Every structure is written in C-alpha cells, then in structure tokens.
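A.B. asks: predicted model and sequence follow; I will ask about them next.
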Amino acid sequence: MMIALTNMPVGKKGIIKDIDGGYGITHNLDVMGIHTGIEVTKVSKQWMRGPVTIRIGNNEIALGYGMATRIMVELI
Amino acid sequence: MKVLLVGNPNVGKSVIFSRLTGLNVISSNYPGTSIDYTKGYFNIQGERAELIDVPGIYSLEPTCKTEEIAVKLIKNGDVFINIIDSTNLERGLNLALQLIQYKKPLLIVLNLFDETRRLGVSIDIKKIEQILGVPCVATCALTGEGIKELKSKIGDATISEYVFDYSQRWNEIGKIINEVQEIKYHSPKITEKLRDATIRPITGIPILILVLLLTFALIRFIGEGLIGAVFEPFFEKAWSPLILRLSELLGQSGFFHDLLIGKLVGGDIDYGESFGLLTTGLFIPLGAVLPYVFAFYTVLAVLEDSGYLPRVAVMVDNITRKAGMNGTAIIPMLLGFGCNVPGALATRLLKSRKEKFIAATLMSITVPCMALQAMLFGLLGPYGIKGLGIVFGTLIIVWFILGLFLNKIIKGPSREIFVDIPPYRIPYLRGLAKKIWMRLRWFIKEAVPFMLLGVLIANLLYSLGIMQFFSGITAPVFNHLLDLPPDAVGAMIMGFLRKDLAVGMLIPLNMSLKQLIVASVVLSMYFPCVATFAVLLKELGLVDMLKSTLIMILVALITGSVLNAALTLTGL
C-alpha cells in the first residue's frame, strides 16, 4: 500500500515508490539523494503541518509538508 | 592554472581551502556558509596556481543563483578537486559522475574520513581509484590529516575514462558503492538519540527554549564578567591616568583637548560622558562592546559547529512560515544578533525575493546587534528587568505583527524548507578559536574606525551648531509623538554610523526610564547602521531597499508613539 510521507508514522521505514511532481521538484529531491527505490526512515514531524524529517542512510533531511505530501512510500 | 574545489554543501571545502592556501575562511556545520566564492593561491610542485573555493552544490544543473555561480566557475576551471563527505558517499558520487563528464583532470578527496570509522563504515579507497581512474585521498581537514598527501597528489589529477549512462546514474552509483563500501551497523548511539530528541517537537521545543535561555544567560555572564574583571579595571586604572596626564599637557581645555579627551567630569574622565576620541570613542567599542561581542561569537561558534542550527530552523518553521519565510530565516536573524552585516549577507540562504525582503526588513527592525545590546544592558540594566524586558518584548511583538503584515502584502512565492540536517559534531577547539578570532578582528577593524569617525563628526556637528539646527526642525516629532528631548536627535543621527555610539549619546541626557525605553526602541528599529545598509542595498536592489527603509522609519515612529502613549497611561 502506498501512502504519502506525511501519513507515514514517525519511526517507520519505507521505500519511495513515486514522486508526484514536475521536473523542478523531482530534480531538487533527486540531487539530495531522494528518488524512487530508496529506503527512508521518518524521523520526526512538526505540529501544524510543519516540516517532516527523514533519514536516508546516515543522512537526515528536513522538507516542507507540501513537498512531503508528494513523496509516496510503501511501508516495510 | 585554475584549480577548483568542488563539492556538496557542508563537506568541508572551506577548511581544505584554508589548509591549502593558508588563508582564513569562515566555516560552520551547516550548509551554505560560503555563498560567494573565495580565491587564493598556492604552489603545486613549485608552480603557482589559483585555487577557487566553489560554493557548495548538489548538481551541475543550476536551479538557483549559487549553483549558477558554481557552474560558471566550473566551466572555466582547469583541474577539479572534488571533495566528498565520506559519510555520504552516494550524494558525493552523484556530483563526481557529473564532474567526470567535463573531461578535465580530477582528484577525489574523501573528507571527514575519521567519522566513517566511528559510524562503522569502511571505504576502499584503492578500489574507487581503480573504478573511476582518478587519484583519491582520504582526509580529515579539521585536524589536518591527509592534507600533505592531498598536496602531493594534486599534480596527479587525471581525466577519468569512466563511461556510464547518465539517466541511470543512481544505479551506477549503487553499483560503485556496493563494491567500495562496507557497513557494519552499530546499535543506536547516544548521538543518535540526541539527534532524534532535538528534532521531535515534544522534546525538541523544550530543548530549544532551554538552549536559547542558556545562550542568553551565558552571553551576559561572559560579557559582564569580562567587563567587570578585565576591561573596566584596565580603562580606569591604566588608561585614565595616561589620558589625565595628556589632558594636563593640553592645558585641560580647548578645541583639541575636547576633541581628543572631551569634558572632564569633576576633574576625572567619565567614559560615558566625556565624549572625546581617546575616552568615549575607544571605551565604547573596546571596553563596553567588545567583551559582549566576544561572548556572543563564542556561544554562536559552538552552536554553529555542533550542527544545532539547522534543527532550530526546523523547529521554528511553524512560526516563521506565518511571517512568510521558511525556518531557514532563523539563521540570518541569529547572526544578526551578533552584527546585522553578516545577518544581511545570510539572507541569501533564502531563495525567493519575498522571503529575502521580509527577512532583511524584519532583521533590520527587530534584531538589535550585540554592540547595541551591550550598550542597552548598560543603559537600562540599572533599572532591573523592567526596562530591558519592555524593550525586548516590544521588539518581539513587532516581529510578529510586522511579519504577519508583510506576509499578507508582499506578493510572490515562499519556498518550503528543504535542508540537510548535519550530524552532531563536537566542535573542534582550534577551529572555534580561529573563527572567533576572525570575527573579533573583523569587529575591531570595522567598529573602532567608525566609532572614532562618529565621535569626531558628532563633536564637529555640535561645535558648528548643525546638530542644534536638526534638533530644532525635528523637535515636533520627537517632542509630541515620542516625548524625547530635542538632544536625542543627535543620537538618532549618529545611529546611522554606529548604534552603540548613539546609545552612548543618550546617557548624558538624564532621561526618565520611560524616555530611555522609547529612545532605545526607536533607535533599535528606525534604520540599520550604514554598514548594514550598504550590504542590504546590494542584496535587495535599490527599489526594494527604499521600500524596506520606508517601512523601517514608519514602524519605528508608530511603535515609538504607541509605546510612549502606553507607558504614559500606565504611569511609568
């Protein structure tokens, strides 16, 4: 089942299956190492639709809520 | 020959740059410390070469101004030194593969190599050299490990013959990593727990509040301690006798005497009121402000190098978004508390025009620099918490109201937050010391001449009667709206040059607490000092800067009047 990163529970792991966005967004995410097929862990989310923090490998990245809704993951 | 240091943000390019050239550059543990490029020279095998520290980039397809600068530089480079964060090999190789396509001599540096060992990651350097066909060096730039080897190998940089399908480059990177990297997982360590605790709201927000309170307390403790134990005794016991002897030599009065030493108060020097170049002119920047500036930069350096600041940006994003900026805007604000000039420069971290404008305007109006704060502590401190509380409280309230307002009226997009959260690192002592020293030196070079110039100009304006003329024409505003004495105008005028000097000029006016509060708030808000103004003009452009200036003056006058009325009503 695919869910958006924003709906993923904190502490859970998933594989990115799809990024819903144009070239600009996919490119910006891509160069930071966020692309389909990669495993992510959700580290935290802030209240009131605030930023979501994910971990990829040893790396943590915070992204805005809007961007996070576009990243679809499958829980593992 | 042009040698380029290229790499992702926050991989230590600037540290390697200073190691190779001997030049000092500011580096911190957050992405984007170097927004401009820096140039230096060094010798490779007896030949002089130019070394360029290219701003950090994630890819060679430019998506913002910093990246455009970087790509332009790369096109004109002769040799690339690609610096990779060893703990983040994937992202580093992504850039390396793009650099390979330029077909220029390349050398790969795996920096932060010491950290990989602690993380249980081992990287086979020889294998990377084999696969990519370019020399590869492991370094730890902070301690200097591997730098010698790097120097000796720059001449060996070669053009890589590695071929790959660009559209499949993540698969390609995956394959390389499988061959060269081995991970032995550790169980979660303390730092990992700390990473989680400081970024989850339920623990992170209380920690943030604690850190901010501690920061403030520490700055005051160090600043006040240094003034009481070192700086005041020095000026009173060592400097005053010298100046008094000079005063005697000059005959204790006359134009030059008053310019250099100022007026003696009861036969002695009063560093607050004498107002000569060698008395007040030196005491304000060196005796009253420098200790606080030192305290601020010490605490800031620890916060910067530990890697905590990007986490602050995430935690405050909910608040700054209401003011139309993403959480990264907290970095120019925090830097602004030291000096508005670096704060103004750091607005470049914000990518959209709207965010830059709001950040610059809010910082100029509501963030008092350390020099101004130090003087405010001296001016209002004796009245207890009340005076300072009202001044800082007003600034905070104005930040919110003005932020909400600007967010509503300024058109254009705001970008969502999107930042790397670096791992925590224990600040490296020599790195800290160097950074603090560089900033202090910059402060002294900047503050002392401007202060002396300010004292000189103020003295001249008074003795030529020009200040009295200005006081006369602006008196209605100052008297009726703000209830300030006409002489306060002089302070406001000199505030253009330096705000700490302006506060110094308020001291002899014998104002009531209410007047002191109103004057302090108006002085903090109405206009940035000339140095900040020059930077903002460059960053925002003429039109936006004029708009911003207009907002500053209006907001200062409105806030001052409202505050005056409110304080009068409450009977302060």
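C.D. replies: Good, I have the coordinates.
A.B. asks: need the contact list for B:I16.
C.D. replies: Under the criterion of Cβ atoms under 8 Å, 6 or more residues apart in numbering or on different chains, the contact list for B:I16 reads B:5, B:81, B:83, B:109, B:111, B:139, B:141, B:147, B:150. Where C-beta positions appear, they are placed from N, C-alpha and C, glycine not excepted.
A.B. asks: surely the second one is within a strand?
C.D. replies: Yes: with DSSP: H, G, I helix; E, B strand; the rest coil as the criterion, B:I81 is located in a strand.
A.B. asks: quick one, grab the pLDDT at it.
C.D. replies: Each residue has a pLDDT score; the one for B:I81 is 96.
A.B. asks: out of the contacts of B:I16, who's the most crowded?
C.D. replies: Highest neighbour count within these: B:I83, with 32 neighbours (other Cβ atoms under 10 Å in any protein chain shown).
A.B. asks: make sure B:S28 is indeed in a helix.
C.D. replies: No: for B:S28, which was evaluated using three-state DSSP, the result is coil, with no helix membership.
A.B. asks: just the closest residue of chain B to chain A, please.
C.D. replies: Among the residues of chain B, B:E416 lies closest to chain A, at 2.6 Å counting by Cβ to the nearest Cβ.
A.B. asks: am I right that that residue is in contact with A:G66?
C.D. replies: Yes: taking contact to mean Cβ atoms under 8 Å, the distance of 5.4 Å between B:E416 and A:G66 places them in contact.
A.B. asks: the more surrounded of the two?
C.D. replies: The neighbour count for B:E416 versus A:G66, taken as other Cβ under 10 Å, is higher for B:E416 (17 against 12).
A.B. asks: what count of nearby residues applies to the residue nearest to that one when sequence neighbours are not counted?
C.D. replies: The shortest distance from B:E416 to any residue that is not its chain neighbour, by Cβ to Cβ, 6 or more residues apart in numbering or on different chains, is 2.6 Å, and that residue is A:G64. Around A:G64 there are 21 other residues, counting by other Cβ under 10 Å.
A.B. asks: quick one, what contacts A:G64?
C.D. replies: A:G64 is in contact with A:51-52, B:317, B:326, B:415-418, counting by Cβ under 8 Å, 6+ apart.
A.B. asks: could you check how far it is from B:N318?
C.D. replies: Distance of A:G64 to B:N318, computed by Cβ to Cβ, to the nearest Å: 11 Å.
A.B. asks: and B:V121, its phi and psi?
C.D. replies: Dihedral pair for B:V121: phi -110, psi 130, per degrees, to the nearest 10.
A.B. asks: OK, contacts around it?
C.D. replies: The contact partners of B:V121, by Cβ under 8 Å, 6+ apart, come to A:58, B:86-87, B:181-184.
A.B. asks: swap in B:I205?
C.D. replies: B:M315.
A.B. asks: give me the pLDDT for A:V31.
C.D. replies: Looking at A:V31 specifically, the model assigns a pLDDT of 87.
A.B. asks: element containing A:E60, please.
C.D. replies: Here A:E60, judged by DSSP states H and E, is contained in strand A:59-63.
A.B. asks: could you list every helix and strand in contact with that strand?
C.D. replies: With contacts taken as 3 or more Cβ pairs under 8 Å, 6 or more residues apart in numbering or on different chains; DSSP states H and E, strand A:59-63 sits against strand A:52-56, helix B:309-322, strand B:418-421.
A.B. asks: can you get me a residue count around the closest residue to B:M1 other than its chain neighbours?
C.D. replies: On the basis of Cβ to Cβ, 6+ apart, the spatially nearest residue to B:M1 that is not a chain neighbour turns out to be B:A49, at 4.5 Å. As a burial measure, the neighbour count of B:A49 was computed by other Cβ under 10 Å and equals 18.
A.B. asks: packing partners for whichever strand or helix holds B:A49?
C.D. replies: When secondary structure is defined using DSSP H and E, the element that contains B:A49 is strand B:47-53. Identification of packing neighbours for strand B:47-53 by 3+ Cβ pairs under 8 Å, 6+ apart yields strand B:2-7, helix B:13-21, strand B:38-44.
A.B. asks: please name the strands paired to the first one in the sheet, noting orientation.
C.D. replies: So that's strand B:2-7. Next to strand B:2-7 in the sheet, as set by DSSP bridges, lie strand B:47-53 (parallel), strand B:79-85 (parallel).
A.B. asks: my guess is the residue nearest to B:M1 meets B:Y41, correct?
C.D. replies: Yes: in this structure B:A49 lies within contact range of B:Y41 using Cβ under 8 Å: 7.0 Å.
A.B. asks: which residues touch the residue nearest to B:M1?
C.D. replies: Taking Cβ under 8 Å, 6+ apart as the test, what B:A49 contacts is B:1-3, B:41-43.
A.B. asks: so what's it bridging to?
C.D. replies: Beta-bridge partners of B:A49, counted by DSSP bridges, are B:F42.
A.B. asks: any idea how far it is from B:K13?
C.D. replies: Here the distance between B:A49 and B:K13 works out to 17 Å (Cβ to Cβ).
A.B. asks: closest one to B:I390 out of the contacts of B:A49, please.
C.D. replies: Out of the contacts of B:A49, the one with the shortest distance to B:I390 is B:Y41. That distance is 53.1 Å, counting by Cβ to Cβ.
A.B. asks: neighbours around B:G22, how many?
C.D. replies: The burial count assigned to B:G22 is 10, neighbours taken as other Cβ under 10 Å.
A.B. asks: which phi and psi does it have?
C.D. replies: Given degrees, to the nearest 10, the pair of backbone angles that B:G22 has is phi 80, psi 0.
A.B. asks: measure it to B:K151 for me?
C.D. replies: 12 Å.
A.B. asks: with B:E355 instead?
C.D. replies: Remark: distance between B:E355 and B:K151 (Cβ to Cβ) = 41 Å.
A.B. asks: swap in B:Q45?
C.D. replies: Shown here: B:Q45 relative to B:K151, a distance of 9 Å by Cβ to Cβ.
A.B. asks: ditto for B:V293
C.D. replies: Looking at B:V293 against B:K151, where the rule is Cβ to Cβ, the gap reads 36 Å.
A.B. asks: again, but for B:F470
C.D. replies: Here the distance between B:F470 and B:K151 works out to 59 Å (Cβ to Cβ).
A.B. asks: kindly report the same for A:G22.
C.D. replies: Computed as Cβ to Cβ, the A:G22 to B:K151 distance reads 45 Å.
A.B. asks: go on, B:L4?
C.D. replies: In this structure, B:L4 and B:K151 are separated by 16 Å, where distance is defined by Cβ to Cβ.
A.B. asks: could you give the mean pLDDT of the strand holding B:A49?
C.D. replies: Per-residue pLDDT values across strand B:47-53 average out to 90.
A.B. asks: which other helices and strands does the helix or strand that it is followed by contact?
C.D. replies: Towards the C-terminus, the helix or strand next in line after strand B:47-53, according to DSSP H and E, is helix B:65-75. Contacts defined by 3+ Cβ pairs under 8 Å, 6+ apart place helix B:65-75 against strand B:2-7.
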